[in-house]
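**Student:** here is the input, now give the coordinates:
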Amino acid sequence: MNLQAGPDDRLLERVRSSLAVEPGAPTPARVAAALRSAGSVLGDAVVLEVTELLRAEISGAGPLDALLREPGVTDVLVNAPDAVWVDRGFGLERSTVRFRDEAAVRALAQRLATSAGRRLDDAQPFVDARLAGGVRLHAVLPPVSPVGTLVSLRVPAASTFGLDDLVSAGSVPEDMVPVLVAVVRSRLAFLVTGGTGSGKTTVLGALLGLADPGERLVIVEDSSELRPAHPHVVRLEARPPNVDGAGRIGLDDLVRHALRMRPDRLVVGEVRGPEVVDLLGALNTGHEGGCGTLHANSAADVPARLEALGVAAGLGRDAVHTQAAAALDVVVHLAKDGPGRRRVAELDLLSCTPAGRLVTVPALHTDADGELRHGAGAAGLDALLDERRRSR
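**Tutor:** As a prediction, the model looks like this:
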């Protein structure tokens with residue numbers, strides 16, 4: 001091998017075999033000795049490269065480690081050994097990272113699952129877990145994925161974004177800021193909605209940073225992602241069942257416990273299951289200022305989404321609509337305009353029709369030119385904010 005070239009797969013395999021004889025971390029000294037025993041004399045830079053590659057295989061994310069450490073990376077997706085995609089905040093692009101074969105992808109997925117205390121094998125061919133450091137892992141094995149092992153890694157934001165940061169990035173219209181500040185400080189109950197990857201968690205975190213520093217925020221999440229810039233934050237995180245199917249602690253359990261922790265604001269990171277019943281109940285019994293995120297393609301779809309979740313959890317359709325209308329005040333809806341472009345597109349007032357059906361009424365929205373426009377709900381939102389200000 002050329003002394004200046006990087007390690008090839010056959011050389012790496014010989015080094016792996018040599019190091020496997022004795023337990024221990026792949027230190028540069030051990031790697032150098034293994035290289036000599038394999039008949040290769042390489043420079044210090046290559047020895048360090050081999051050391052890092054083997055360390056990543058043993059304790060990191062293998063070939064994906066370098067991508068996960070890149071600033072700005074939000075997602076790393078493995079579709080096949082030679083098809084690794086990365087989102088650096090501007091949409092997905094194919095990377096140059098490659099795995100040796102399907103077995104290497106499967107081995108990495110299983111090792112990551114094990115490190116998170118989860119099981120991934122033929123009997124349990126999929127896993128959803130949070131890794132050390134906050135990276136969210138989802139993996140699927142064949143035969144559920146016929147083409148091979150699929151791995152999806154979601155990287156948490158490295159820094160907390162404030163509302164000013166989102167305005168500078170073009171995600172929040174500057175003219176909408178006073179209204180968003182008033183919504184939070186008036187302790188209206190609100191949902192941040194949007195599609196997958198629209199930035200709901202980022203916007204919710206920024207809004208929570210506007211809450212009074214004297215308030216106690218109790219945050220309930222399936223996987224800890226919210227990082228509001230606030231001095232008094234308490235977190236509860238759901239727990240999946242163990243390998244025997246026992247020990248599950250769901251968001252619905254955590255919402256009930258959160259209510260006993262003297263919250264000034266109850267925050268549900270993502271409303272997507274039976275916890276909607278407990279959340280609506282809490283917001284209807286004096287817990288002002290509660291909030292969370294909800295997947296919805298449009299603000300107008302929010303009532304239908306709440307209805308589907310509530311009915312699935314055992315509430316009647318009428319009860320869902322009346323409770324939601326009494327519990328929730330505002331919807332902050334986000335849209336994706338293209339790769340890397342996410343913005344608050346609409347601010348809606350939640351209201352109830354004479355027939356008892358929950359509806360969203362647009363109060364503020366941005367047009368195609370980015371100009372802020374008032375909608376039919378603007379007067380109602382102003383009246384609600386004035387009422388809250390007078391009552392405080």
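
**Student:** what's near enough to touch residue 324?
**Tutor:** 280, 303, 306, 310, 350, 358 (CB atoms under 8 Å, 6 or more residues apart in numbering). C-beta: built from backbone N, CA, C; applies to glycine.

**Student:** distance check, the fifth one against residue 91.
**Tutor:** Distance, residue 350 to residue 91, using CB to CB, to the nearest Å: 32 Å.

**Student:** and what of the second one?
**Tutor:** When distance is defined by CB to CB, residue 303 is 31 Å away from residue 91.

**Student:** and the two? Which one has more around it.
**Tutor:** Between residue 303 and residue 91, residue 303 has the larger neighbour count (other CB atoms under 10 Å), namely 22 against 13.

**Student:** which residue packs closest to that one, ignoring adjacent ones?
**Tutor:** Nearest-residue entry for residue 303: residue 358, 4.1 Å, with adjacent residues in sequence omitted and distances by CB to CB, 6 or more residues apart in numbering.

**Student:** same check on residue 104?
**Tutor:** In space, and not counting its chain neighbours, residue 104 is closest to residue 81: 6.7 Å by CB to CB, 6+ apart.

**Student:** care to break this protein down by domain?
**Tutor:** The record, using automatic domain parsing to delimit domains, assigns the chain the ranges 9-57, 62-154, 163-391.

**Student:** mind jotting down where the helices sit in the protein?
**Tutor:** 9-20, 28-37, 44-59, 65-69, 102-115, 163-168, 177-185, 200-208, 251-258, 275-283, 302-312, 317-327, 378-391 (DSSP state H).

**Student:** out of the ones you listed, the one nearest residue 234 is which?
**Tutor:** The closest of these to residue 234 is helix 251-258. By CB to CB, the value is 8.2 Å.

**Student:** for the record, mean pLDDT for the closest one?
**Tutor:** Across helix 251-258, pLDDT averages out at 92.

**Student:** same question for stretch 280-296.
**Tutor:** Here the average pLDDT along stretch 280-296 is 92.

**Student:** buried ones in it?
**Tutor:** For stretch 280-296, burial by neighbour count (16 or more other CB atoms under 10 Å) applies to 280-284, 287, 289-296.

**Student:** just the ones of these in strands?
**Tutor:** 291, 292, 293, 294, 295 (DSSP state E).

**Student:** just the domains of the chain: most buried one?
**Tutor:** Mean neighbour count (mean count of other CB atoms under 10 Å) peaks for domain 163-391 among the domains of the chain, with a mean of 18.

**Student:** which residues touch residue 300?
**Tutor:** residue 360.

**Student:** what do you get for the one 5 residues further on?
**Tutor:** Residues in contact with residue 305 (CB under 8 Å, 6+ apart) are 294, 295, 296.

**Student:** shaky segments in the stretch 201-350 of the chain?
**Tutor:** By pLDDT under 70, the weakly predicted segments of the stretch 201-350 of the chain are 242-243, 338-340.

**Student:** what's the closest of the helices of the chain to residue 146?
**Tutor:** Taking those one by one with CB to CB, helix 102-115 is closest: 12.0 Å.

**Student:** now for the spatially closest residue to residue 376 that is not a sequence neighbour: which residues touch it?
**Tutor:** Leaving aside its sequence neighbours, residue 376 sits nearest to residue 361 (CB to CB, 6+ apart; 5.5 Å). Going by CB under 8 Å, 6+ apart, residue 361 touches 348, 349, 350, 351, 375, 376, 377, 380.

**Student:** again, only this time at 10 Å
**Tutor:** 299-300, 331, 348-351, 375-381 (CB atoms under 10 Å, 6 or more residues apart in numbering).

**Student:** reformat these into a markdown table and put distance to residue 73 next to each item.
**Tutor:** Output for those, formatted as a markdown table (distance: CB to CB, whole Å):
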| residue | distance to residue 73 |
| --- | --- |
| 299 | 30 |
| 300 | 33 |
| 331 | 30 |
| 348 | 33 |
| 349 | 37 |
| 350 | 36 |
| 351 | 41 |
| 375 | 37 |
| 376 | 41 |
| 377 | 38 |
| 378 | 39 |
| 379 | 44 |
| 380 | 42 |
| 381 | 38 |
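
**Student:** and which of those is nearest to residue 367?
**Tutor:** residue 375 (11.1 Å).

**Student:** quick check: phi and psi on the closest one?
**Tutor:** phi -120, psi -170 (degrees, to the nearest 10).

**Student:** isn't it right up against residue 364?
**Tutor:** Yes: applying CB atoms under 10 Å, one finds residue 375 in contact with residue 364, separated by 6.6 Å.

**Student:** common neighbours of the two, please.
**Tutor:** By CB under 10 Å, 6+ apart, the residues touching both residue 375 and residue 364 are 346, 347, 348, 349, 381.

**Student:** contact partners for the residue nearest to the last one when sequence neighbours are not counted?
**Tutor:** What sits nearest to residue 381 in space, not counting adjacent residues and going by CB to CB, 6+ apart, is residue 363, at 4.3 Å. Residues near residue 363 by CB under 10 Å, 6+ apart: 179, 330-331, 346-349, 374-382, 384.
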